[in-house]
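Trainee: need a structure here:
(2 chains)
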There are 2 protein chains.
Amino acid sequence: MDDPVLLTGAGGAVGEAILEGIGDAYEWKLMFHSPPAEEPSHEYLVGDVADDEDVAAAVEGVGAVIHLAGDPRPEAPWDSVLANNIDGTQKMYEAAVDEGVERFVYASSNHAVGAFETDRRTPEMYREEDDFLLDGSEFPRPGNLYGVSKATGEVLGRYYHDEHGIKVCNIRIGNLTRGHPPIDYERGQAMWLSYPDCAHIHECALEADYEFEIVYGISDNDRKYYSLDRAREVLGYRPQDNSAHFEGEDRVVEPDA
Amino acid sequence: MDDPVLLTGAGGAVGEAILEGIGDAYEWKLMFHSPPAEEPSHEYLVGDVADDEDVAAAVEGVGAVIHLAGDPRPEAPWDSVLANNIDGTQKMYEAAVDEGVERFVYASSNHAVGAFETDRRTPEMYREEDDFLLDGSEFPRPGNLYGVSKATGEVLGRYYHDEHGIKVCNIRIGNLTRGHPPIDYERGQAMWLSYPDCAHIHECALEADYEFEIVYGISDNDRKYYSLDRAREVLGYRPQDNSAHFEGEDRVVEPDA
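Mentor: All right, here's what the predicted structure looks like:
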């Protein structure tokens, strides 16, 4: 990737993990929704993903987009996810294909498939001995309207890939926490994504050869109900972390260790 | 179904086919976007599906919804399908679950999966000897932004079913024409839906026992690439028409015959 990479939603946790891990490996163009508290060490702009002019300025001259921007709250109301997540993602895709951007990495979410976690399946599906596994080919089952918006972003990517040829990688991001997995939260341990693995899977998505993919973005946890097969096979993803390594006596209990 | 059935988009061709076929079998409440040219023979209201008050008035007292309303143009621009199809469908679902409506029949479309018709597969997939078949479990591949909006409506239905228990039947409607199949248009013949079969599949969707379904709404055409298995098995759909019966010497050539 020689051209700059646009990173939208650069002020969020996923953006932080990416810049910490692979900030030196690319020329970045960061997009923030509101002015950053500290001066970024990369080129940046402040703008709204639902504003055509801001979006056109954001994609100008970039070779790839990592699109993280949107309302990140699982409990976000419909009007917000309709504008920020659905309309914002369509505008970003439209501008990207207009600009001739080569690839688009989209931050989807475990919430796009949260309703697979039925009362009948849980909590067993969060445990190592259970064999329920989602592989990314599923018709979405969102657990909330935020998840509906994320699934819609995947469908938009399918359309823009099929119609315009842009390479699209949707990463259904699990539970990202810095340092150690969520404590006393089996679901979060099953879908833990460490900061280094978050940066690594996005680097894979910027480098690998693919057309349209939906992969799960989690660490190599012993307990998981998301398959890593597609991420390993197509992206070359090699996660280094595993929430099981933080259990028992070795468990790290201090926050942000 | 003892309570009235709300039929939105009652002024369109699908609504016309339904009312011609099963107009006498139910107590209807029709919703039109603009005032109908002729006085309807059923209770009706005029309103906008993206208007909360209109939608609340529409669902009041009904036991089921057949939701056809929306911008029906395959080439419709994003802003229109975002407002009329995506936002309008969410508002209709939200109001329906608030009202305690039992089931929701959603007019999805062949355009939700139109991009499966790749250059490599066509025109062979439109012909009887080809074995390519979609069964409704596919991740959507819309061929246009209208198709994106229809796929999003399916995802919304999945969410409202999982979260609120409302029964949902998505019908991916093929090419509806009155009287005879499209002429000199293989794709349209493969996905033809006759007026009687259109009314019948909607009656099935009002009567059958199911939780969440995605079915294809086409006649029993010899040449087809949409499976009717789910519609037959779950809905009890028994189509009476077949586009192949209109070929050769028996072919009906006058419009609206």
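
Trainee: residue contacts, the residue in the stretch 1-150 of chain A that chain B sits nearest to?
Mentor: Minimum separation of the stretch 1-150 of chain A from chain B (Cβ to the nearest Cβ) falls at residue A:115, amounting to 3.8 Å. All C-beta spots, glycine's among them, are computed from the backbone N, C-alpha and C. Going by Cβ atoms under 8 Å, 6 or more residues apart in numbering or on different chains, residue A:115 touches A:141, A:142, A:143, A:147, B:158, B:159, B:162, B:163.

Trainee: for the helix or strand harbouring the last one, which helices and strands make contact with it?
Mentor: With elements delineated by DSSP states H and E, residue B:163 resides in helix B:145-164, which encompasses its position. Using 3 or more Cβ pairs under 8 Å, 6 or more residues apart in numbering or on different chains; DSSP states H and E as the contact criterion, the neighbours of helix B:145-164 among helices and strands are helix A:145-164, helix B:88-99, strand B:103-109, strand B:167-173, strand B:212-217.

Trainee: in CSV: these, plus distance to residue A:180, mean neighbour count and mean pLDDT.
Mentor: What follows is the helices and strands packed on helix B:145-164, written out as CSV (distance: least, Cβ to Cβ, whole Å; neighbours: other Cβ atoms under 10 Å in any protein chain shown; pLDDT from 0 to 100):
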stretch, distance to residue A:180, mean neighbour count, mean pLDDT
helix A:145-164, 25, 25, 98
helix B:88-99, 38, 22, 98
strand B:103-109, 44, 25, 98
strand B:167-173, 40, 26, 98
strand B:212-217, 38, 24, 98
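
Trainee: okay, those in a markdown table with distance to residue B:57 next?
Mentor: Listed next are the helices and strands packed on helix B:145-164 as a markdown table, based on distance: least, Cβ to Cβ, whole Å:
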| stretch | distance to residue B:57 |
| --- | --- |
| helix A:145-164 | 23 |
| helix B:88-99 | 9 |
| strand B:103-109 | 17 |
| strand B:167-173 | 22 |
| strand B:212-217 | 27 |
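
Trainee: circling back: of the contacts of residue A:115, which is the nearest to residue B:126?
Mentor: For those, the residue nearest residue B:126 by Cβ to Cβ is residue B:158; the value is 29.2 Å.

Trainee: that closest one is in contact with residue B:212, isn't it?
Mentor: Yes - counting by Cβ atoms under 8 Å, residue B:158 touches residue B:212, with 6.3 Å between them.

Trainee: quick check: neighbours shared by the two?
Mentor: Counting by Cβ under 8 Å, 6+ apart, the residues touching both residue B:158 and residue B:212 are residue B:168.

Trainee: list the contacts for the residue nearest the centre of chain A?
Mentor: Chain A has residue A:107 as the residue nearest its centroid, 2.9 Å off, counting by Cα atoms, centre = their mean. Residue A:107 sits next to A:9, A:14, A:66, A:67, A:68, A:70, A:171, A:173 when contact means Cβ under 8 Å, 6+ apart.

Trainee: residue A:243 touches residue A:219, doesn't it?
Mentor: Yes - at 6.5 Å, residue A:243 counts as touching residue A:219 under the criterion of Cβ under 8 Å.

Trainee: now do the shared contacts for those two.
Mentor: Joint contacts of residue A:243 and residue A:219 (Cβ under 8 Å, 6+ apart) are residue A:192.

Trainee: give me the pLDDT value at the nearest residue to residue A:128 once chain neighbours are set aside.
Mentor: Of all residues not flanking residue A:128 in the chain, residue A:223 sits nearest, at 4.3 Å (Cβ to Cβ, 6 or more residues apart in numbering or on different chains). We have a pLDDT of 92 for residue A:223.

Trainee: got the residues of the stretch 51-200 of chain A near chain B?
Mentor: Counting by Cβ under 8 Å from any Cβ of the partner chain, the stretch 51-200 of chain A comes close to chain B at A:78, A:82, A:86-87, A:90, A:94, A:115, A:137-145, A:147-148, A:151-152, A:154-156, A:158-159, A:162-163.

Trainee: JSON lines for the contacts of residue A:115, including distance to residue A:198?
Mentor: Below are these laid out as JSON lines (distance: Cβ to Cβ, whole Å):
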{"residue": "A:141", "distance to residue A:198": "24"}
{"residue": "A:142", "distance to residue A:198": "22"}
{"residue": "A:143", "distance to residue A:198": "21"}
{"residue": "A:147", "distance to residue A:198": "19"}
{"residue": "B:158", "distance to residue A:198": "28"}
{"residue": "B:159", "distance to residue A:198": "26"}
{"residue": "B:162", "distance to residue A:198": "28"}
{"residue": "B:163", "distance to residue A:198": "29"}
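
Trainee: okay, now the unreliable bits of chain A?
Mentor: A:247-257 (pLDDT under 70).

Trainee: what ranges do the helices span in it?
Mentor: Taking DSSP state H, the helices of chain A run over residues A:13-22, A:52-59, A:78-80, A:88-99, A:145-164, A:186-190, A:195-207, A:229-230.

Trainee: wait, does the shortest one contact chain B?
Mentor: No - with Cβ under 8 Å from any Cβ as the measure, helix A:229-230 is seen stopping short of chain B, the closest distance being 12.8 Å.
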